[in-house]
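1. coordinates only, sequence not included:
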């Protein structure tokens, strides 16, 4: 799993159209908007399918630690497969993201996941400190 983590003052995702994935979730609201948060651009890889639960737990632990380090209580998990070549199945990606979101919520974070399978217009107001943009691989 690959994670690109941005600490932001604000973030907005507006669904524009269906993506190319065979899995397209019901978007519910077409807009996700938050103030200060960690935005986690997330891509599940084929190797994550060997143990998706362990991957989700590692991701949640890593994100919780980073959020505590930057003193942030809101975490948005956003599917973002565009930069990564060895993608896992959409079904496994959704399962991993759902589990990580649930684990973060259980730790007291406001954990939000944007819908899978859509193109989005993104508005990002990123912070500019040394930990405001971090890439991780699990």
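-> Received, thanks. Note that the structure is predicted; figures quoted are calculated from it, not measured.
2. contacts, neighbours, all on C-alpha from now
-> Fine.
3. where does the chain dip in pLDDT?
-> Residue ranges of the chain with pLDDT under 70: 83.
4. bridging residues for the residue nearest the centre of the chain?
-> By Cα atoms, centre = their mean, the chain has its centre lying nearest to residue 77, at 2.2 Å. Counting by DSSP bridges, residue 77 is bridged to residue 40, residue 113.
5. what sits against residue 46?
-> 86-89 (Cα atoms under 8 Å, 6 or more residues apart in numbering).
6. filter those down to the buried ones.
-> 87-89 (16 or more other Cα atoms under 10 Å).
7. can you redo those as CSV with secondary structure and distance to residue 39?
-> As requested, the buried ones among the contacts of residue 46 are exported to CSV (DSSP: H, G, I helix; E, B strand; the rest coil; distance: Cα to Cα, whole Å):
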residue, secondary structure, distance to residue 39
87, strand, 20
88, coil, 21
89, coil, 22
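8. the residue nearest to the centre of the chain reaches residue 43, doesn't it?
-> No - at 10.1 Å, residue 77 does not count as touching residue 43 under the criterion of Cα atoms under 8 Å.
9. what is the nearest of the contacts of residue 46 to residue 61?
-> Checking the contacts of residue 46 against residue 61 by Cα to Cα gives residue 88 as the nearest, at 20.9 Å.
10. let me see the contact set for that closest one.
-> Residue 88 touches 44-49, counting by Cα under 8 Å, 6+ apart.
11. which of those residues has the most neighbours?
-> residue 44 (31 neighbours; other Cα atoms under 10 Å).
12. next, work out how far apart it and residue 84 are.
-> 9 Å (Cα to Cα, to the nearest Å).
13. also residue 51?
-> 19 Å.
14. and the strands in this protein?
-> Assigned by DSSP state E, the strands in the chain fall at 2-18, 31-34, 37-43, 74-79, 110-113, 118-126, 133-137.
15. list the helices and strands the second one packs on?
-> In terms of contacts (3 or more Cα pairs under 8 Å, 6 or more residues apart in numbering; DSSP states H and E), strand 31-34 is packed against strand 2-18.
16. nearest residue to residue 64 other than its sequence neighbours?
-> residue 104 (6.8 Å; Cα to Cα, 6 or more residues apart in numbering).
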